[in-house]
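Undergrad: need a structure here:
(3 chains)
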Amino acid sequence: MSYEVHVAPGDEPQDIQFGGGTDHGFPLWEVFIRAKRGLSHTHVGSLHAPDAETAIQNARDGYTRRAEGVSVWVVPSTEIVASDDADSMFEPFEHVPYRHPTFYEIPDEVGQL
Amino acid sequence: MDAPTEQEQGQETFDAVIEADEKVEPRDWMPDGYRHTVIRQMAQHAHSEVIGMQPEANWITRAPTLLRKQILIAKVQDEAGHGLYLYSATETLGVSRDELQELLHTGKHKYSSIFNYPTLSWADIGAIGWLVDGAAIVNQIVLQGTSYGPYSRAMVKICKEESFHARQGYSIMMILAGGSDEQKAMCQDAIDRWWWPALMMFGPHDAESAHTAESMAWKIKRKTNDEMRQMFIDQTVPQAQYLGMTIPDPDLALNEESGHWSIGPIDWDEFWATIKGDGRLNRERIAHKTKAWDDGAWVRAGATAYAAKQAKRLDKSA
Amino acid sequence: MSTVTPQTALATYIVRHADDNVVIGQRLAEYVSRAPELEEDLAVSNLALDHIGVADHLFTYAAKIEGGDCTGDDLAMFRAERQYTNLLLVEQPHHGFGDVMVRQFLFDAYQLPLWGTLSDSTDDTIAGIAQRAARESTYHLRHSSGWVIRLGDGTDESHERMQTAVDGMWRFTGELVEADDLDRQMAAEGVGVDPSTLRDAWESTVDAVLEEATLTRPSDPFQTSGGRSGMHTEHLGPMLAEMQWLQRANPGLSW
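TA: Predicted coordinates for the structure are as follows:
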């Protein structure tokens, strides 16, 4: 599709290095929306705004145009602390099967358990 | 035997994720080429949405009814919103939007060729919704399956919003096609000018598309240019026939056996000229975008200064 | 299609507010794709949509009251400057973001109490439209006043530009709270609002925001008006010409 880099016949592809920029704009905020009562807030994306009040308003305009939200949280992206997903912290706890209900055999006659 | 390096471990996990049709997420290890390609493609997709606001915004003040005016504003607003989602997805890979924008303003980054064409009549607004958004939808539906998580999720969100865009365009064409002689002529003229550029949106033929194999292997790209172009042609020709309009292609023919429509030759000189920056309105589009950014410098500086002052005031009073 | 003019007092009154909203909506529409940031393009198009939506509802209602073949679009598209009855403030052009936000703020400070009061109109349709418009105005005022403050109290340059914008729009603010016989008649019937009763609310909102923005009222006390009787500035004509051209060039067609 035409969002890709098209290299005209006979041309050399351009190499653009990223990282480091002249940051003239507003800081980045992450946006979390509660779609409706009863649900928790989920991450929907990010936006740039000078302050929290603008970020909240922009989040409403940017992420709830089709009534997808009743509550908005915005957090400066720099405040997000992320786990290292490659860390063994999240390897499946296969050696603790007794945490799963299927580990236990319960006779059907006993009913709801 | 040595323990696997972080690189080898990363590559193994990455390959397994791609193989299993799972998503690559921002903090995963990924090959430099993959990162680079995904950043570039998402950024150009975002730039396309933002530049794409211009040809349609051109007709908001002249929309023929208040309803059409509202619909057009809503559509252009959606495009701004889609740009927002896509820049947001791109920034997950550690580049800033301002950096990307500078690359757009200086011509190093491109945007979809289609937005370099002018909107010269109200029927163009119909043609854009029907043909241009129609083509974009074919691509975007396929891109929902792209391997980079944030890009895929942005595509799902965009696809939900996009279907009204094509319908509002086609509804304009239906009214014009059933209207006065002037309206019918306006409708046909718009199709004559937008059909071929819409086909070019899908990019070069597969044989001339340098990066297709690599992008397909990484599952960034899920279908080839020609495959998607054919999907678009097959769905659109009957829609033109329903309007009673002609597709401007004397070689257009239905292959009864395959059920596919075959087309005449695409003018690739026009496509490459546009990509190089010499299309009809490349200079105007970038000038408009750059002016908006430059004109707003004092606003961004003012708001930033105020935010800093407020932070100080809160510190003092704490 | 020849010029369409409302004949009844009620329709004439409604059309004033429709005109205000379609004109400011059109001005905001001109600004889409020109804002200082992408998020602000989203916000401005949202404002434009709200105003044009309100105008659409009001024009449609006025057309219904007039009866016959007249439609809301006829009222919007087939009246020229001398028949348009919008306030002079909303037809003022902008030369940048500062103008857009100051014009918006001064108008929002009037719209909010206006719609608030009209929410209790004895005319159910007007009350319904007003209730929705009041909710939208609350948001608009928050947005526009936020920018006035941010930029008034930002850098020296932003402060100066905002003061210039306030100075430039000030002479159109008196008209916001002027009343004429039609206003008084509609207010007496419980249908409409006498704008002079909105003065205190407008002044207290505006003064509070200007103060927080470190901006001042201009010293020149000059005020001008005439919009409600079709005596406009020279800015409305070209704006209407652009807005109405397609319909006037091809009258009687469907779009």
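Undergrad: Point out where the chain drops to low pLDDT.
TA: With no chain named, the answer covers chain A. A:1-2, A:9-10, A:12-24, A:85-95 (pLDDT under 70).
Undergrad: Let me rephrase: I mean chain B.
TA: The model of chain B has pLDDT under 70 over residues B:1-2, B:318.
Undergrad: residue in it nearest to chain A?
TA: Residue nearest to chain A within chain B: B:Glu99 (3.2 Å; Cβ to the nearest Cβ). C-betas here are computed from N, CA, C, even on glycine.
Undergrad: how far does the helix or strand hosting that residue sit from the chain's center?
TA: Here B:Glu99 is covered by helix B:97-105, with elements defined by DSSP states H and E. Distance, stretch centre to chain centre, for helix B:97-105: 17 Å (Cα atoms, centre = their mean, to the nearest Å).
Undergrad: Show me what that helix is packed up against.
TA: Counting contacts by 3 or more Cβ pairs under 8 Å, 6 or more residues apart in numbering or on different chains; DSSP states H and E, helix B:97-105 is packed against helix B:32-57, helix B:66-91, helix B:282-295.
Undergrad: Can you identify the element that follows it toward the C-terminus?
TA: Using DSSP H and E, the helix or strand that directly follows helix B:97-105 along the chain is helix B:122-127.
Undergrad: what helices or strands is that following helix leaning on?
TA: In terms of contacts (3+ Cβ pairs under 8 Å, 6+ apart), helix B:122-127 is packed against helix B:149-177, helix B:181-200.
Undergrad: Show me what the shortest one is in contact with.
TA: Among residues not part of helix B:181-200, those counted as contacts by Cβ atoms under 8 Å, 6 or more residues apart in numbering or on different chains are A:2, B:113-114, B:117, B:120-124, B:126-128, B:131-132, B:134-135, B:173, B:175-177, B:179, B:229, B:232-233, B:240, B:243, B:245-249, B:263, B:266-267, B:270-271, B:274, C:250, C:253.
Undergrad: Specify the angle between that helix and helix B:149-177 in degrees.
TA: 150 degrees (axes from the mean of the first three to the mean of the last three Cα atoms, to 10 degrees).
Undergrad: Buried residues of the following helix or strand past helix B:181-200, list them for me.
TA: Counting by DSSP H and E, the next helix or strand C-terminal to helix B:181-200 is helix B:212-217. Of the residues in helix B:212-217, B:Thr212, B:Ser215 count as buried by neighbour count, 16 or more other Cβ atoms under 10 Å in any protein chain shown.
Undergrad: quick one: buried residues of the helix or strand just after helix B:212-217?
TA: Under the assignment DSSP H and E, the closest C-terminal helix or strand after helix B:212-217 is helix B:225-243. In terms of neighbour count (16+ other Cβ under 10 Å), helix B:225-243 has its buried residues at B:225-226, B:228-233, B:236-237, B:239-240, B:243.
Undergrad: out of these, which one sits closest to A:Arg99?
TA: Of all the buried residues of helix B:225-243, B:Met228 has the smallest distance to A:Arg99: 46.3 Å, by Cβ to Cβ.
Undergrad: isn't the closest one right next to B:Gln140, touching?
TA: No: with contact defined as Cβ atoms under 8 Å, B:Met228 does not count as touching B:Gln140 (10.2 Å).
Undergrad: Wait, C:Ala213 touches C:Met162, no?
TA: Yes: in terms of Cβ under 8 Å, C:Ala213 counts as a neighbour of C:Met162; the distance is 6.9 Å.
Undergrad: Thought A:His48 was touching A:Gly25, still the case?
TA: Yes: A:Gly25 is within contact range of A:His48, at 5.4 Å (criterion: Cβ under 8 Å).
Undergrad: Look up phi and psi at the residue of chain B found nearest chain C.
TA: Residue of chain B nearest chain C, by Cβ to the nearest Cβ: B:Gly296 (2.4 Å). B:Gly296 adopts backbone torsions of phi -90, psi 0, taken as degrees, to the nearest 10.
Undergrad: Show the contacting residues for it.
TA: B:Gly296 touches C:Ala35, C:Pro36, C:Glu37, C:Glu40, C:Phe97, counting by Cβ under 8 Å, 6+ apart.
Undergrad: and those as a markdown table, adding pLDDT and neighbour count?
TA: Converted to a markdown table, the contacts of B:Gly296 look like this (pLDDT from 0 to 100; neighbours: other Cβ atoms under 10 Å in any protein chain shown):
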| residue | pLDDT | neighbour count |
| --- | --- | --- |
| C:Ala35 | 97 | 22 |
| C:Pro36 | 96 | 23 |
| C:Glu37 | 95 | 24 |
| C:Glu40 | 96 | 27 |
| C:Phe97 | 98 | 28 |
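Undergrad: filter those residues down to the ones close to chain B.
TA: Applying Cβ under 8 Å from any Cβ of the partner chain to the contacts of B:Gly296, one finds that C:Ala35, C:Pro36, C:Glu37, C:Glu40, C:Phe97 fall near chain B.
Undergrad: Spatially nearest residue to the second one, not counting backbone neighbours?
TA: What that stands for is C:Pro36. Nearest residue to C:Pro36 in three dimensions, chain neighbours excluded: B:Gly296, at 2.4 Å (Cβ to Cβ, 6 or more residues apart in numbering or on different chains).
Undergrad: how close does the one you found sit to C:Val209?
TA: In this view, B:Gly296 and C:Val209 are 22 Å apart by Cβ to Cβ, to the nearest Å.
Undergrad: Chain A contacts on chain C?
TA: Near chain A, when you scan chain C using Cβ under 8 Å from any Cβ, you find C:Glu37, C:Leu38, C:Glu39, C:Leu42, C:Ala43, C:Asn46, C:Tyr139, C:Arg142, C:His143, C:Gly146, C:Arg150.
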